[in-house]
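Novice: Here is my input, please return the structure:
(chains A and B)
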Amino acid sequence: IRMTQSPSSLPTSIGDRVTITCRASDDINSYLAWYHQAPGQAPKLLFIGVSSLQPGVPSRFRAAGHGTDFTLTIDDLHSEDFGTYFCQQYWSQSPITFGQGTRLEVK
Amino acid sequence: EVQLAQSGGGLVRPGGSLRLSCVGSGFSLRSHNMVWVRQAPGMGLEWVASNWCRGCSEYYADSVRGRFSVSRDDANNSMHLQMEGLRGEDTAVYFCARDRGGSHQGFDLWGPGALVTVSS
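Specialist: Numbering: from 1, shown residues only, chains lettered A, B, ... in the order given. Modelled structure (predicted):
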């Protein structure tokens, strides 16, 4: 299952609202997770099951979608939110596939 | 503290072998499905292999099947990735990660990564 994110990069500013989209090549129901990777760090899990916010993740993050189309929205962007965001499907376990990433950069 | 520590990265010539290790602390690896994910320089995340704790099932990406193998050492709360026949395209940071478990998967704990460079 191919995962396609858009945009690939997004110039943005602190305080902005940001929306990232992720599209699956096949129906993955709600078997989608989102990660954030700060530069030089390991990824951090944000959501599972499309919209289940993980412990410690701020409520300014929200996610939605079902089937093939998904979104991640960040309200009131903070400085620590810059970096790269990845979606990951787990409908198919072999292979597990990630989107190519969306890099949030300073405008 | 719950964490994963990694070791074993380095520089290896094409065709060579390398073994990566991932050691858990603060939790039992045997209770979780575990994965290896890699990231080539400047690129995205690529799933490499999974080791499921129930039934000892293993799954591999097509790009590494037959060359890489995952094993566990429950006595030392660790997991290993044995890499054979390494190629230039295997150059990447390799992360081990824990599946949180439950009906919805999510890799909630990651190691710091180990850089593998395949070059002559």
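Novice: Next to chain A in this structure, residues from chain B, please.
Specialist: For chain B, the residues in contact with chain A (Cβ under 8 Å from any Cβ of the partner chain) are B:35, B:37, B:44-47, B:50, B:59-62, B:95, B:97, B:100, B:103-108, B:110-113. Yep, even glycine has a C-beta here, placed from its N, CA and C like the rest.
Novice: Can you tell me the element residue A:88 falls in?
Specialist: Using DSSP states H and E, residue A:88 sits in strand A:83-89.
Novice: elements contacting that strand?
Specialist: If contacts are counted by 3 or more Cβ pairs under 8 Å, 6 or more residues apart in numbering or on different chains; DSSP states H and E, strand A:83-89 sits against strand A:3-6, strand A:18-24, strand A:32-37, strand A:69-74, strand A:97-98, strand A:102-106.
Novice: So what are the sheet partners of that strand and their directions?
Specialist: Strand A:83-89 pairs in its sheet with strand A:32-37 (antiparallel), strand A:97-98 (antiparallel), strand A:102-106 (antiparallel), by DSSP bridges.
Novice: Tell me which of the ones you listed is the most buried.
Specialist: Of all the strands paired with strand A:83-89, strand A:32-37 has the most neighbours on average by mean count of other Cβ atoms under 10 Å in any protein chain shown, namely a mean of 25.
Novice: and the helix or strand following that one, does that touch chain B?
Specialist: The helix or strand immediately downstream of strand A:32-37 is strand A:44-48, counting by DSSP H and E. Yes: taking Cβ under 8 Å from any Cβ as the criterion, strand A:44-48 and chain B are in contact, through A:44-45, A:47-48.
Novice: any idea of the pLDDT on the residue nearest to the spatial centre of chain A?
Specialist: The geometric centre of chain A, computed from its C-alpha atoms, lies nearest to residue A:34 (Cα atoms, centre = their mean), at 4.1 Å. What the model reports as pLDDT for residue A:34 is 98.
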